[in-house]
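Student: fold the following, please.
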Amino acid sequence: MSHCWKNVLIKPTSTLRDALEIINTEALRVALIVDKENCLLGVVTDGDVRRGLLNNLPLTSEVSLVMNSAPQVANVGTPRDELISMMESKGILSIPLLESGRVVGLETLHSMLSLPIYQNPVFLMAGGFGTRLRPLTDTCPKPMLKIGNKPILETVIRSFIKAGFVNFYISTHYMPEQIQQHFGDGSEFGVNITYVHEEQPLGTGGALGLLPDSLPKGLPLIMMNGDVLSKIDFQRLLDFHNDNDADATMCVREYEYQIPYGVIEGVGNQITSMVEKPVQRFFVNAGIYVVSPRIIQSVPANHRIDMPTLLDQHMREREKVLMFPIHEYWLDIGRMDDFNRAQVDIHTLGLE
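Tutor: Numbers count the residues shown, from 1 in each chain. Predicted structure coming up:
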């Protein structure tokens, strides 16, 4: 998302000259017309102004006379691929991002196609036994099981590469040689891959204590289970973590559970309410985290600890452990039905 989008907000009473000055001064090539509450009223481009001038409007005319009052917009959080597809199909260069009708950002085709390079380390947990997927995992570590024509872990790594990440660390324990033989040092994929081997299982957070001193300094690390498929926008996740100066950010998914009976509440023997088969909603851990250096440094070598326990410790020290709801596709391949579902989903997700 452009960091200077606020500079292109103007009032409907602003003039064509005002709009042109913003369009020519800012690199975004557009002006967004908003009301006092920052609700979007319309969009003006250089072409809109030129058409107004050709219709004999003076530069002192109000910009509302030439604005496009029904522009293409998107909700904040719309996946990157969808935004690019919208802009390319409509032949436009930018899309305002809205939340409850208010402008909260502006995405441009140029910025989305100009892939940044992130030095932030990506730490992938690939040491589990995959016992719920036996007998498939009797001779193959779960991250190396194929979804489509690639191992799960390769699909995960390629999704990070596509987003601009180049420094990978893989935690291994069960049949590590198969993982190392397939990925090597990462040069075949154009990235750097370093392996961290757990002699004994250290829980979901303990491997942080085994990361080498060569880890890029001062940068948050993205940590993810190596058996999770997701279309999450890693750039937005990292921006959220940095913008909020978080110690840790946990990705969460909304989970719904419908109680199959009528739920009765009462005081003593008097019924106060009856709700038939209510649906309860919870946020659940999605197995994707961003952790800052202070979290990494707090884990001793060969210390067994799970991520929820580790984050709970830091929550007590500082109120800097946040959650990032993800609405994109997400699948934890833990059971056989998940594995079979992934075989179908992979062909429609653009993750192959």
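Student: return the helix or strand in this protein with minimum mean pLDDT.
Tutor: helix 109-113 (a mean of 72; mean pLDDT, DSSP states H and E).
Student: host element of the residue lying closest to residue 183 once chain neighbours are set aside?
Tutor: Nearest residue to residue 183, sequence neighbours excluded (Cβ to Cβ, 6 or more residues apart in numbering): residue 193, at 5.4 Å. The way it works is simple: take the backbone N, C-alpha and C, and place the C-beta from them, glycine included. In this assignment (DSSP states H and E), residue 193 forms part of strand 192-197.
Student: now that strand: how far from the chain's centre is it?
Tutor: 23 Å (Cα atoms, centre = their mean, to the nearest Å).
Student: circling back: touching, the residue nearest to residue 183 and residue 170? I think so.
Tutor: Yes: assessed by Cβ atoms under 8 Å, residue 193 is found in contact with residue 170 at 6.3 Å.
Student: got any residues that touch both of these two?
Tutor: residue 183 (Cβ atoms under 8 Å, 6 or more residues apart in numbering).
Student: and these two? Which one has more around it.
Tutor: When neighbours are counted by other Cβ atoms under 10 Å, residue 193 and residue 170 differ, and residue 170 comes out ahead with 25 against 21.
Student: check what pLDDT the more buried one gets.
Tutor: pLDDT for residue 170: 92.
Student: and the helix or strand harbouring residue 17, what does it pack onto?
Tutor: Assigned by DSSP H and E, residue 17 falls within helix 16-25. Other elements packing on helix 16-25 under the criterion 3 or more Cβ pairs under 8 Å, 6 or more residues apart in numbering; DSSP states H and E are strand 9-10, strand 31-34, helix 46-54.
Student: what about residue 172, neighbour count?
Tutor: For residue 172, using other Cβ under 10 Å, the count is 23.
Student: list the contacts for it?
Tutor: Counting by Cβ under 8 Å, 6+ apart, residue 172 has contacts 126-127, 141, 179-180, 195-198.
Student: how about residue 187?
Tutor: Residue 187 neighbours (Cβ under 8 Å, 6+ apart): none.
Student: for the residue of the chain positioned farthest from its centre, grab phi and psi.
Tutor: In the chain, the greatest distance from the average C-alpha position (Cα atoms, centre = their mean) is reached by residue 269, at 49.2 Å. Main-chain torsions, residue 269, degrees, to the nearest 10: phi -100, psi 10.
Student: so that it lines up with my notes, have the first residue be 627 from now on.
Tutor: Sounds good: first residue 627 from here, last item residue 895.
Student: quick check: it vs residue 902, distance?
Tutor: 21 Å (Cβ to Cβ, to the nearest Å).
Student: please apply the same query to residue 968.
Tutor: 35 Å.
Student: compare the two and say which is more crowded by neighbours.
Tutor: Counted by other Cβ under 10 Å, residue 968 and residue 902 do not tie: residue 968 has more neighbours, with 21 against 8.
Student: so what's the residue nearest the centre of the chain closest to, chain neighbours aside?
Tutor: For the chain, residue 859 is the residue whose C-alpha lies nearest the centre (Cα atoms, centre = their mean; 3.1 Å). Excluding its sequence neighbours, the residue lying closest to residue 859 (Cβ to Cβ, 6+ apart) is residue 706, at 5.3 Å.
Student: which among the contacts of residue 798 gets closest to residue 658?
Tutor: Nearest to residue 658 out of the contacts of residue 798 is residue 752 (Cβ to Cβ; 44.6 Å).
Student: confidence score at that closest one?
Tutor: With respect to pLDDT, residue 752 has a value of 84.
Student: tally of neighbours for it?
Tutor: By the criterion of other Cβ under 10 Å, residue 752 has 27 neighbours.
Student: surely it touches residue 796?
Tutor: Yes: Residue 752 lies in contact with residue 796 (Cβ under 8 Å); the separation is 5.3 Å.
Student: could you break the chain into its assigned domains?
Tutor: 631-739, 748-971 (automatic domain parsing).
Student: before we move on, the earlier item: just name the most buried of the helices and strands packed on helix 642-651.
Tutor: Ranked by mean neighbour count, the helices and strands packed on helix 642-651 are led by strand 657-660 with a mean of 24 (mean count of other Cβ atoms under 10 Å).
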